[in-house]
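Asker: predicted model and sequence follow; I will ask about them next.
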Amino acid sequence: MAADGAKGKRLFINHVDSYEGRNLAKYLANCVVGASLEDAEEEEDDARSVDSMTVAKKKEGCYEVIGTLKNKDAKKPDFIKEIISYETKEQLYEHLVECDVIVYDITEDPDQIDEATWAVSELHSDLEKIDKQIMFILVSTVMTWGRSKPLDPDDPEIPFTEDDYRRRKPHPNFKEHISAEKTVIKVGKTNKQKLVTYVVASGLTYGAGENIFHYLFKAAWHNAEELQCFGNGQNVVPTIHIRDLAAILQNVADSKPKVRYLVAVDDSQNMLEEIVKCVSLSLGTGKMKKITKEEALLSKNIEQADFDQLLVSLRMDAVYVKENMRVPWVAETGLPENIMTVIKEYKETRKLLPMRSCILGPPASGKSTVVEQLCKHYKLHHIKIKDVIKDALDALERSAARADQQGGEDEEEDDGKAQEDQELLDTIKESREQNNGRIEDSYLIKFFRDKLHSMPCQNQGFILDGFPKTFEQAKELFAAEDDDEAEEENKANYDKLTMPEVVVCVDAPDDFLRVRVMNLPESVVAGTHNTEDGLSRRLADYRALNGEDETCLNYFDELEIHPEKIDVTKDTSPMMKDTVEKIKKLMGEPRNYGLTPEELAKIRREAEETKLKKESEEKLEKERKEAEETAERKRRQEEWATRLEDVKREEYELLETQSIPLRNYLMKHVMPTLTQGLIDCCKSRPEDAIDYLAEYLFQHNPQVD
């Protein structure tokens with residue numbers, strides 16, 4: 001028992017990096033063994049400790065959770081004691097047999113069906129060697145009931161319970177699941193002292209970061225015009241919150257119930273249409289579109305298994321769970337009844353919290369240039385005064401136009417709102433005529449409040465561009481809607497849903513701003529307020545409103561949201577990139593889904609194009625250098641050849657010059673006698689020509705008397 005400081009048990013869960021495995025493991029890792037047998041109040045406190053899906057300080061006597069990873073490269077979760085790495089099933093079995101409780105979830109990965117069946121069969125065949133009781137829990141799906149016939153053909157709304165599990169008929173695509181269920185139940189009957197088995201047929205899970213319903217939440221968060229409902233939407237979908245499923249598993253592990261087959265669903269019995277409509281109203285535009293099954297199958301956001309589950313129609317009642325287990329329900333009444341809690345979980349788990357910022361500054365300081373780049377980087381909504389007014393008036397005109405139209409009985413409420421909007425529109429027009437076309441602050445504040453509370457701004461976030469301008473405007477714009485509630489909480493009286501987290505003032509002297517505008521092209525200035533007179537008037541108005549007393553920046557300072565002032569005169573970068581980077585550091589990392597597949601493809605395409613362009617430029621540069629080197633080498637070779645010819649010619653001329661005295665000497669003193677001697681030698685043809693020639697030269701030497 002938990003009260004006696006029970007010893008922790010070793011519990012195995014497969015694929016602790018998947019949606020179900022991760023959330024089940026996180027919950028059970030914070031559960032004290034036997035805690036579900038204690039008072040319900042204590043159990044509810046334990047549930048709240050993991051309500052935000054964050055790991056609290058480890059309590060004594062908790063389940064020691066070990067598990068496997070679907071993605072072998074995934075990081076070990078902090079709440080997991082050990083990750084099992086194995087090459088063969090035999091290595092995995094060595095770890096399984098050491099566990100007290102084994103939980104196999106087969107709802108997400110079909111490959112786990114064979115592994116779960118193998119694991120329980122191995123345990124059963126090895127019972128003689130097992131010296132303790134091992135509990136095996138198979139988490140299956142209600143899809144094994146998908147084609148079950150109604151209990152009473154005359155009353156098809158009678159729900160199925162655990163007692164009817166022998167009559168269940170599976171959906172055609174879930175026959176392997178029911179086969180695994182039967183195997184688990186069968187082997188658990190042999191020796192319950194050593195191997196006790198359970199099957200938990202889970203409804204479609206929701207909560208935390210969402211799984212099967214994620215396509216709905218993601219589309220709604222991205223402000224899709226309409227959420228898709230597959231088929232006619234009249235099918236009853238059995239559901240359960242992922243933590244409620246974990247709590248049921250905790251009860252099974254603690255209490256070892258006699259019933260071996262359990263149904264785990266909430267009490268909702270909602271139709272698919274109700275679920276889709278609820279998500280759309282609470283997170284999106286409120287609109288829904290029914291599409292055919294054939295159209296649904298063409299969607300890239302839904303897999304066949306998920307599609308089958310969303311179209312199932314089953315009324316089920318978890319009778320045993322409700323009557324015999326102490327479950328601290330998170331959403332006993334179902335998804336629609338607890339939608340705001342589920343949406344909060346979804347946003348927190350996936351880190352989709354909105355980013356809210358405000359960029360202020362004098363005219364021509366570059367606010368819009370900076371905000372536009374920030375909105376593109378963070379995927380936020382750019383809130384400009386001109387756009388807010390236009391959108392609000394357009395919406396009023398569209399609504400007022402319905403006042404004159406004949407509507408059906410469902411449109412009576414809309415007709416009343418249309419009449420109110422028409423009256424408001426008339427009042428605003430009259431006010432503008434009396435104020436030279438300007439809209440009074442009361443109406444402007446209303447427009448901005450409505451805009452900031454809209455679903456797109458509440459989902460992704462926004463950046464206010466140059467508004468509010470005064471202390472009073474800021475006070476009214478961000479005022480809390482329920483003053484009493486704010487006073488009770490002893491917190492600052494402002495609206496947490498719209499108050500900016502980061503406030504930046506981009507400032508510069510008037511002379512700098514005038515020069516900046518003067519240097520702008522005429523085409524940019526034309527039709528704006530940035531004429532010489534217009535800019536001077538706007539600068540004077542801005543300085544008058546931002547003196548030393550009650551300024552808009554003072555309002556944020558009083559709330560401990562200290563504005564950051566940036567001097568744009570020091571920013572010489574194109575498109576004020578330096579200022580943008582400074583503000584990015586203040587705002588932090590984006591809090592969204594990141595880049596879409598299309599954007600990633602575009603980035604890869606641009607990177608490839610840049611790479612090819614760079615390679616082409618490098619190739620051209622290389623060819624240019626090689627051509628220059630070839631030309632230079634040829635020039636040097638020609639120069640060297642020319643110089644060589646000159647050297648040869650000079651050497652020849654030098655030799656010629658030096659040989660003239662020698663030739664003269666030979667011609668005078670040697671050649672006449674030698675020539676005549678050679679002639680005589682040729683005529684005589686002596687046997688020893690050399691000796692003859694030597695004798696001839698000796699006899700006819702002119703120097704000898």
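Answerer: That came through fine.
Asker: which strands or helices does the helix or strand containing Asp308 pack on?
Answerer: When elements are assigned from DSSP states H and E, Asp308 belongs to helix 304-310. Judged by 3 or more CB pairs under 8 Å, 6 or more residues apart in numbering; DSSP states H and E, the packing partners of helix 304-310 are helix 293-297. Any C-beta I mention is one placed from the backbone N, CA and C, and that applies to glycine too.
Asker: tell me the helix or strand right after the helix holding Asp308.
Answerer: Per DSSP H and E, the helix or strand that comes after helix 304-310 is helix 319-324.
Asker: just checking, what packs against that next one?
Answerer: Short answer (3+ CB pairs under 8 Å, 6+ apart): helix 319-324 packs on helix 242-255, strand 261-264.
Asker: in it, what's buried?
Answerer: 319-321 (16 or more other CB atoms under 10 Å).
Asker: want to throw those into TSV with pLDDT and distance to Met587?
Answerer: Conversion of the buried residues of helix 319-324 to TSV gives the following (pLDDT from 0 to 100; distance: CB to CB, whole Å):
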residue	pLDDT	distance to Met587
Val319	93	52
Tyr320	94	51
Val321	94	46
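Asker: distance between the longest helix seen in the chain and the chain's centre?
Answerer: Using DSSP state H, we find that the single longest helix of the chain is helix 597-669. Per CA atoms, centre = their mean, to the nearest Å, the displacement of helix 597-669 from the mean C-alpha position of its chain is 57 Å.
Asker: for Gly416, the count of nearby residues, please.
Answerer: Gly416 has 11 neighbours, counted by other CB atoms under 10 Å.
Asker: Glu501 now?
Answerer: 15.
Asker: go on, Val199?
Answerer: Neighbours of Val199 (other CB under 10 Å): 25.
Asker: likewise the one 5 residues further on?
Answerer: When neighbours are counted by other CB under 10 Å, Leu204 registers 23.
Asker: and for Lys258?
Answerer: With other CB under 10 Å as criterion, Lys258 counts 7.
Asker: with Thr239 instead?
Answerer: Thr239 is flanked by 26 other residues according to other CB under 10 Å.
Asker: backbone dihedrals for it, both of them.
Answerer: phi -130, psi 170 (degrees, to the nearest 10).
Asker: against Glu94, how distant is it?
Answerer: Shown here: Thr239 relative to Glu94, a distance of 38 Å by CB to CB, to the nearest Å.
Asker: what do you get for Thr610?
Answerer: For Thr610, the distance to Glu94 (CB to CB) stands at 52 Å.
Asker: what about the closest residue in space to Glu397 that isn't next to it in sequence, how many residues nearby?
Answerer: Leaving aside its sequence neighbours, Glu397 sits nearest to Leu425 (CB to CB, 6 or more residues apart in numbering; 6.5 Å). Residues lying near Leu425 (other CB under 10 Å) number 17.
Asker: element containing Leu425, please.
Answerer: Judged by DSSP H and E, Leu425 forms part of helix 412-434.
Asker: which helices and strands does that helix pack with?
Answerer: Judged by 3+ CB pairs under 8 Å, 6+ apart, helix 412-434 is in contact with helix 385-401.
Asker: so which elements touch the helix it packs on?
Answerer: Judged by 3+ CB pairs under 8 Å, 6+ apart, helix 385-401 is in contact with helix 412-434, helix 441-452.
Asker: closest to Val371 out of those?
Answerer: For Val371, the closest of the helices and strands packed on helix 385-401 is helix 441-452, at 14.9 Å, according to CB to CB.
Asker: about what we covered before: pull out the buried positions in the helix holding Leu425.
Answerer: Neighbour-count burial for helix 412-434 flags 418, 421-422, 424-425, 428 (criterion: 16+ other CB under 10 Å).
Asker: if I look at the residue nearest to Cys278 when sequence neighbours are not counted, how far off is Leu245?
Answerer: Closest residue to Cys278 apart from its sequence neighbours, by CB to CB, 6+ apart: Pro336 at 4.1 Å. Distance of Pro336 to Leu245, given as CB to CB: 18 Å.
Asker: which of these two has more neighbours?
Answerer: Neighbour tally, Pro336 and Leu245, criterion other CB under 10 Å: the higher count belongs to Leu245, 27 against 19.
Asker: surely the more buried one and Ala201 touch.
Answerer: No - Leu245 lies out of contact with Ala201 (CB atoms under 8 Å); the separation is 10.7 Å.
Asker: shared neighbours, these two?
Answerer: Listed as contacting both Leu245 and Ala201 by CB atoms under 8 Å, 6 or more residues apart in numbering are Ala264.
Asker: returning to what we had before: next up, the contacts around the residue nearest to Glu397.
Answerer: Applying CB under 8 Å, 6+ apart to Leu425 gives the contacts 393, 396-397, 400.
Asker: list phi and psi for Ser282.
Answerer: Main-chain dihedrals, Ser282, degrees, to the nearest 10: phi -90, psi -20.
Asker: what helix or strand is the residue lying closest to it once chain neighbours are set aside located in?
Answerer: Excluding its sequence neighbours, the residue lying closest to Ser282 (CB to CB, 6+ apart) is Ile339, at 4.7 Å. Taking DSSP H and E as the definition, Ile339 sits inside helix 339-349.
Asker: okay, and the helix or strand of the chain with the least pLDDT?
Answerer: The helix or strand of the chain with the poorest confidence is helix 483-488; it has a mean of 46 (mean pLDDT, DSSP states H and E).
Asker: contacts for whichever helix or strand comes after it?
Answerer: For helix 483-488, the following helix or strand on the C-terminal side (DSSP H and E) is strand 502-507. Contacts with strand 502-507, where a contact means CB under 8 Å, 6+ apart, come from 356-362, 365-367, 370, 553, 556, 561-568, 579, 583, 586-587.
Asker: ok, strand 502-507: who's next to it in the sheet?
Answerer: Strand pairing for strand 502-507, using DSSP bridges, gives strand 355-360 (parallel), strand 564-567 (parallel).
Asker: just the mean pLDDT for the following helix or strand past it, thanks.
Answerer: Later in the chain than strand 502-507, the nearest helix or strand by DSSP H and E is helix 510-518. Per-residue pLDDT values over helix 510-518 give a mean of 86.
Asker: strands of the stretch 101-250 of the chain, start to end?
Answerer: Ranges of strands in the stretch 101-250 of the chain, per DSSP state E, counting those that start in this stretch, are 101-105, 134-141, 195-202, 204-206, 227-230, 239-241.
Asker: least confident of those strands, on average?
Answerer: What stands lowest among the strands of the stretch 101-250 of the chain, in mean pLDDT terms, is strand 227-230, with a mean of 92.
Asker: which strands border it, and is each parallel or antiparallel?
Answerer: For strand 227-230, pairing defined by DSSP bridges yields strand 288-291 (parallel).
Asker: just the buried residues of the partner strand, please?
Answerer: For strand 288-291, a neighbour-count test (16+ other CB under 10 Å) marks 288, 290 as buried.
Asker: again with stretch 107-126
Answerer: Neighbour counts over stretch 107-126 (16+ other CB under 10 Å) mark 107-109, 112-113, 115-117, 119-120, 122-124 as buried.
Asker: can you list the neighbours in contact with it?
Answerer: Outside stretch 107-126, the residues that touch it by CB under 8 Å, 6+ apart are 14-15, 18-21, 70, 89, 92-93, 96-97, 102, 104-106, 130, 134, 136, 138-141, 176-177, 179-180, 183-184, 187, 190, 195, 197, 202, 205, 211, 305.
Asker: now it: average pLDDT?
Answerer: On average, stretch 107-126 scores 93.
Asker: ok, Gln91 to Val503 distance?
Answerer: Taking CB to CB, one finds Gln91 at 57 Å from Val503.
Asker: who's more crowded, these two?
Answerer: Val503 (25 against 11).
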